[in-house]
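**Q** Quick one, what's the 3D model for this:
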Amino acid sequence: MASTRSSSAPSPGGVDGETGLEALALAKVAEAADAIANAASAGEVVRAIHAVAALLFPVDSAAVAGTVEEPFRIQIIETVSLSNDERESWRRAFYHGPAFPTMSKILLGNVALKWLRKIHASARNEIYDSFFVKGPPTEVIQALVPALSEKENSKEDHRTFCLNLERLLILCLLDNKGVSQIVAEFTHFNKHGNDVLNPDKTIFMSRVAQLLASVPDKARLGASAALTSLSFFKDVVSQVLAGAEAATIQLTADKDDNEHCALSSAFLFVGEVLSRVSRRGSTGILVAELIPRIRNHLHRCVPSDHKAISPEMIQHVYQSQFWFNMVETMRDQHSIERLTEELLRQLASQHISDDEAYWILWTLFNQSFKRLTVMRAMFVDKFLLWKTFPLCCLRWILHYAVFECPPNSATETLMQRTPNFFGALQSFVSIWSRKEFVQSYSVEQQAYITAAIGLCLEKLTKKELETTKDVLNYILQGVSCRLESPIDLIRKMASAIALTFSKVVDPKQPLYLDDNCCENVDWEFGVLGPKEIGAPLHAVESKNKLKSRENKRNAGEKKAKAIKHDVPDVRAKIVEIKSVDHDQMSDTVTNGQFEEEECDEESMNIDASSDSSLEPYDLSDDDTDLQKKFSHLSDLAAALRKPDDPDGVENALSSAEKLVRASPDELRHNSGDLVRALVHVRCSDLAMEGEEDSAEEKRQKALVALLVTCPFESLDVLTKLLYSSSVDISQRILIIDVMTEAAQELAETKITKTEQRRGNLITDNSPSWLVPSNRGPPGAGPWREVSEPGGTLLSWSQRYEREVPSRSGQVKSGKSRKWGLGKAKDLQVEWSKNRFPLYAAAFMLPVMQGYDKRSHGVDLLNRDFVVLGKLIYMLGVCMKCVAMHPEASALAPALLDMIRSRDVSQHAEAYVRRSVLFAASCILISLHPSYVASSLIEGNQDISTGFEWIRTWALQVAEADPDTECTSMAMTCLRLHSEMALQTSRALESADYSKTGRALPNKLDSIIIPFGNM
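**A** Next up is the predicted model:
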């Protein structure tokens, strides 16, 4: 029955005859095993176990005897009682020899399955549980945890076996604080042993830590909640930290010669446990237990009469030795990195002060930070250049690893710089200045490094700046490449760095590159907050855009026409046009006009009764009546071509839209000339200071009016000017913007609701596939043609419905059977007045030709990527405006060919990739599923190949694109693709191809539904 030792724990040597005592203990276990195997009653089993337990523990034999019958009761009472020294010798020989592994298998196997439920609870606690509860926890854990993986013959036996194991684990490790006992046991062995930290000892401690951390993984699915990762690791970490602090105090007070080794041995086990807990994904639990303990420790270090903390205060406290060595003894760098990252994030979520956070980092990492290069690289390289943390965490990392001084300290006040400071700043700006960094890194990462540079520059003086190498050039390069970006947040970063840098050069003359710039820069940029570290980019850009418009109206300062940089609400626009009740809209407008008239009348009465009405009028600018009234478009175009007459140009811009909207007879003949004049006029040079935006708005509205009232003639001129060398980038952007607005106006997204037309009954008796058969159950009504519901702009098929009587015994009111492709709407149908499909080809096809040509002044794929992004966005809007029309199926393949181009879809700029995703999504919602189905049936590979490319490319973007907005839009695109694929498959299933003689093609896997569980 004997078994070999299952651990490499050293046996307590130095006692004569110990080997013989281990043999005697094993013999006693063999006797008990034979008695248990041949037992016929529970009393005999209790007597056999009691015979062994009495050699090891002080057992209450009378209490145990009271639970069994004669003759076992007398045998238990007559058991010889040993002295404490004798029991200790037997205990050492039993647990550190082969006896305990053998006995544990008997207790956990045969006894637990057959007899344990028959043994009284008091006897079980005295003689059964004591073998595990009162034994060395390092040996007990090696007996219990591996047994969790054993399998019994039947399900019932296995359940009983596991329940007993789980009960003993909870009792020994959690209720009896067994983990703290393990820490104390390792400390005791090191203090009194001669083989401290030898390789066998290290392997043994690692094995115990591994077994301890594997308990939640090995526990069965229906185990107690105390053995789940959350609860178990929380208790284990709490015991480990408490035991390590207690061991530190005890060993420091004893002043033992082996103190350092004892501390190292105890910490080695603690570090091993913490590393394995972190490796198993419970770093959050570990840090949640760690933070309150380290904070309490720091509070103990500060005397009551001191407010500030210093390194000497922490070093003089005994428990600090554990905290100084904790991270270094973990040894697993990956676990240390995960622990540190989680520590920073949880400290930020708890709104810890900068000073306290600094001293927490100093206490935990200072010793290893000085000794180990990998620790310095983790803070300076990984946490500052590769990771992204909230802004407060960035300040803590900079103060600890770069500035090397606590916040608001005397060192910081005296501007004493360390060598690491200038090296880190040089590294930051060299990476920040590269254009590839702007293109390839996420906006959050760019904001993070920008904030790091800004916080470093705030600590810099002009004299120190002059001594740094290439910092000035790097900053100028980085600011320049960011100002060219169409993304508002990227340009905001450039403005913030430029402002901070200008304060270093000359504090009296700060450089403001944006109206939104404030004297105190907000380095969070809206994306580095502690709660929402990765805030959606479009929300930030929209918020900044609104603020910019308000500042323009209030300040009235001179500013050049800003490029409309971002794709406005791209995700919000990838939806079908919602219906608007025309009557409600009219009521709203009428009420609004009425309220406005009342307000105007009331304001007039107030003005009339006020004292200000008695003040003289300022007639200096009252030349409205003297301005020339334009009645001919030719005069309007001529006035726009006179840059030496700014008043005439301004007057012409003010009159242009109204005159064009009046649609005079000469409009068709003069529209091209007027378009050229409007495109080439320079509003920024002619308008008064502060009114540039107003003049630009008038010009844009006039061009939109021309495109709406005279589309073909105006488009012929605009599409030629788009790639002409006679216009600059701002004029190209103007052309695309007005085409986008004109397309939306021609589409007229307003929906009118009309009563559903009840068509006449079908009376034609001639056979036709258009009309359903009259066959049906008796009492079925005649077929009626109904209109297509849902506001679709085009009906791809005729729909018919008729009343069908209920089956016998079926009572359901209001039900009807319908013949068609969708559900009928009984009361109303929605129709759209959309004039855009007639001009869609003229809008789209000319501008899709030549976008990849590089000529003088035109380079859309590289330098003018903003124009390319806006062009693709405009094409997407056009596709959306022809949704569900036949023109969509004709134009979609051409647009797919354009965006599938590698130079477009794989463009380095995120702005272009966002536009491509928007255009792809618009294609998906513009095509009717029945058209896609018919394309598959007829073998047309253009649409199916294009849709498959959209799916695969959107997957790649969602998985690997560094831009957060691109990944979000890619997920939206995949959702739309799956919806289109689902509707197409339904259309294929509903069609009856056997009647028409058409068969499905052999391969119909061109459209794949991703994420089948969505």
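**Q** where in the stretch 651-800 of the chain is pLDDT low?
**A** Filtered on pLDDT under 70, the stretch 651-800 of the chain yields the residue ranges 684-693, 749-776, 779, 785-800.
**Q** nope, the stretch 1-150 of the chain is what I was after
**A** Along the stretch 1-150 of the chain, segments meeting pLDDT under 70 span 1-18.
**Q** Which residue ranges of it form helices?
**A** Counting by DSSP state H, counting those that start in this stretch, the stretch 1-150 of the chain has these helices, from start to end: 18-37, 42-53, 61-65, 72-77, 84-95, 99-106, 121-123, 130-133, 137-144.
**Q** does Glu444 really touch Val527, like I thought?
**A** Yes: between Glu444 and Val527 there is a contact under C-beta atoms under 8 Å: 5.1 Å. Glycine gets a C-beta too; all of them are placed from N, C-alpha and C.
**Q** more crowded one of the two?
**A** For Glu444 versus Val527, neighbours defined as other C-beta atoms under 10 Å are more numerous around Val527 (25 against 19).
**Q** Can you tell me the SS state at the more buried one?
**A** When classified by DSSP: H, G, I helix; E, B strand; the rest coil, Val527 comes out as coil.
**Q** now the helices: where do they sit in the stretch 301-450 of the chain?
**A** Applying DSSP H, counting those that start in this stretch to the stretch 301-450 of the chain gives helices spanning 311-315, 320-330, 333-349, 354-371, 373-377, 391-397, 410-413, 419-432, 435-440, 443-458.
**Q** Mind telling me which of the ones you listed the model trusts least?
**A** Out of the helices of the stretch 301-450 of the chain, helix 410-413 stands lowest, with a mean of 57 (criterion: mean pLDDT).
**Q** Give me the domain ranges for the protein.
**A** As given by the TED database, the domain ranges for the chain are 17-176, 196-218+226-253+260-408, 417-528, 837-993.
**Q** Turn these into JSON lines, columns for distance to Ser726.
**A** Formatted as JSON lines, these follow (distance: least, C-beta to C-beta, whole Å):
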{"stretch": "domain 17-176", "distance to Ser726": "80"}
{"stretch": "domain 196-218+226-253+260-408", "distance to Ser726": "45"}
{"stretch": "domain 417-528", "distance to Ser726": "23"}
{"stretch": "domain 837-993", "distance to Ser726": "8"}
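**Q** out of those, nearest to Val649?
**A** Comparison of those against Val649 by C-beta to C-beta identifies domain 837-993 as nearest, at 24.7 Å.
**Q** before we move on, the earlier item: need the helices of the stretch 1-150 of the chain in JSON lines with mean neighbour count, can you?
**A** Formatted as JSON lines, these follow (neighbours: other C-beta atoms under 10 Å):
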{"stretch": "helix 18-37", "mean neighbour count": "17"}
{"stretch": "helix 42-53", "mean neighbour count": "24"}
{"stretch": "helix 61-65", "mean neighbour count": "19"}
{"stretch": "helix 72-77", "mean neighbour count": "18"}
{"stretch": "helix 84-95", "mean neighbour count": "18"}
{"stretch": "helix 99-106", "mean neighbour count": "23"}
{"stretch": "helix 121-123", "mean neighbour count": "16"}
{"stretch": "helix 130-133", "mean neighbour count": "20"}
{"stretch": "helix 137-144", "mean neighbour count": "24"}
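**Q** Might you calculate how far whichever strand or helix holds Ile925 sits from the centre of the chain?
**A** Using DSSP states H and E, Ile925 falls within helix 910-926. Chain-centre distance of helix 910-926: 21 Å, with C-alpha atoms, centre = their mean, to the nearest Å.
**Q** can you give me the mean pLDDT across the next helix or strand along the chain from that helix?
**A** Counting by DSSP H and E, the next helix or strand C-terminal to helix 910-926 is helix 929-937. On average, the pLDDT along helix 929-937 is 85.
**Q** Report the angle between helix 929-937 and helix 910-926.
**A** Interaxial angle of helix 929-937 relative to helix 910-926 (axes from the mean of the first three to the mean of the last three C-alpha atoms, to 10 degrees): 90 degrees.
**Q** Can you tell me how far Ser921 is from Lys870?
**A** Look at Ser921 and Lys870: by C-beta to C-beta, to the nearest Å, they are 17 Å apart.
**Q** go on, Phe843?
**A** Counting by C-beta to C-beta, the gap from Phe843 to Lys870 is 14 Å.
**Q** For the residue lying closest to Leu633 once chain neighbours are set aside, give me its contacts.
**A** Nearest residue to Leu633 in three dimensions, chain neighbours excluded: Asn670, at 4.1 Å (C-beta to C-beta, 6 or more residues apart in numbering). Contacts of Asn670 were listed using C-beta atoms under 8 Å, 6 or more residues apart in numbering, and they are Leu633, Ser634, Ala637.
**Q** Does Asn670 belong to a helix, a strand or coil?
**A** Three-state assignment for Asn670 (three-state DSSP): helix.
**Q** quick one on the thing from earlier: which of the residues in the helix holding Ile925 are buried?
**A** Within helix 910-926, the residues scored as buried using 16 or more other C-beta atoms under 10 Å are 910-926.
**Q** can you give me the angle that helix makes with helix 443-458?
**A** Here the directions of helix 910-926 and helix 443-458 differ by 160 degrees (the same axes, to 10 degrees).
**Q** which helices and strands sit right next to helix 910-926?
**A** If you count contacts as 3 or more C-beta pairs under 8 Å, 6 or more residues apart in numbering; DSSP states H and E, helix 910-926 packs onto helix 570-573, helix 865-881, helix 886-899, helix 902-905, helix 941-960, helix 964-990.
**Q** And for the residue lying closest to Ala958 once chain neighbours are set aside, the neighbour number?
**A** Distance criterion C-beta to C-beta, 6+ apart; nearest residue to Ala958, sequence neighbours excluded, is Ala970 at 3.9 Å. Per other C-beta under 10 Å, the neighbour tally for Ala970 reads 26.
**Q** quick one, what contacts Ala970?
**A** Leu917, Ala954, Leu955, Val957, Ala958, Asp961.
**Q** same thing but at 7 Å, please
**A** Residues near Ala970 by C-beta atoms under 7 Å, 6 or more residues apart in numbering: Leu917, Ala954, Val957, Ala958, Asp961.
**Q** out of the residues you listed, which is most surrounded?
**A** Neighbour counts for the contacts of Ala970, by other C-beta under 10 Å, peak at Leu917, which reaches 33 neighbours.
**Q** got the contact list for that residue?
**A** Contacts were defined as C-beta under 7 Å, 6+ apart; by that measure Leu917 touches Val957, Cys966, Met969, Ala970, Cys973.
**Q** Can you give me the distance of it to Gln956?
**A** Remark: distance between Leu917 and Gln956 (C-beta to C-beta) = 12 Å.
**Q** Next, find the distance separating the residue nearest to Leu633 from Ser714.
**A** Separation of Asn670 from Ser714 (C-beta to C-beta): 11 Å.
**Q** What of Leu227?
**A** 75 Å.
**Q** Ok, Gln346 next?
**A** Using C-beta to C-beta, Gln346 is found at 61 Å from Ser714.
**Q** Could you tell me the angle between the helix holding Ile925 and helix 886-899?
**A** If you take the same axes, to 10 degrees, helix 910-926 sits at 150 degrees to helix 886-899.
**Q** CA atoms only for helix 910-926, dumped as CSV, please.
**A** Taking Å, rounded to 0.1, in the frame of the first residue of the first chain, the C-alpha atoms of helix 910-926 are listed here in CSV:
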residue,chain,number,x,y,z
ALA,A,910,-7.2,57.1,-42.6
TYR,A,911,-9.4,59.9,-44.0
VAL,A,912,-9.5,58.1,-47.4
ARG,A,913,-10.1,54.7,-45.9
ARG,A,914,-13.1,56.1,-43.9
SER,A,915,-14.5,57.5,-47.2
VAL,A,916,-14.1,54.1,-48.9
LEU,A,917,-15.9,52.4,-46.1
PHE,A,918,-18.7,54.9,-46.3
ALA,A,919,-19.0,54.4,-50.0
ALA,A,920,-19.1,50.6,-49.7
SER,A,921,-21.8,50.9,-47.1
CYS,A,922,-23.9,53.1,-49.4
ILE,A,923,-23.5,50.6,-52.2
LEU,A,924,-24.8,47.9,-49.9
ILE,A,925,-28.0,49.8,-49.0
SER,A,926,-28.6,51.1,-52.5
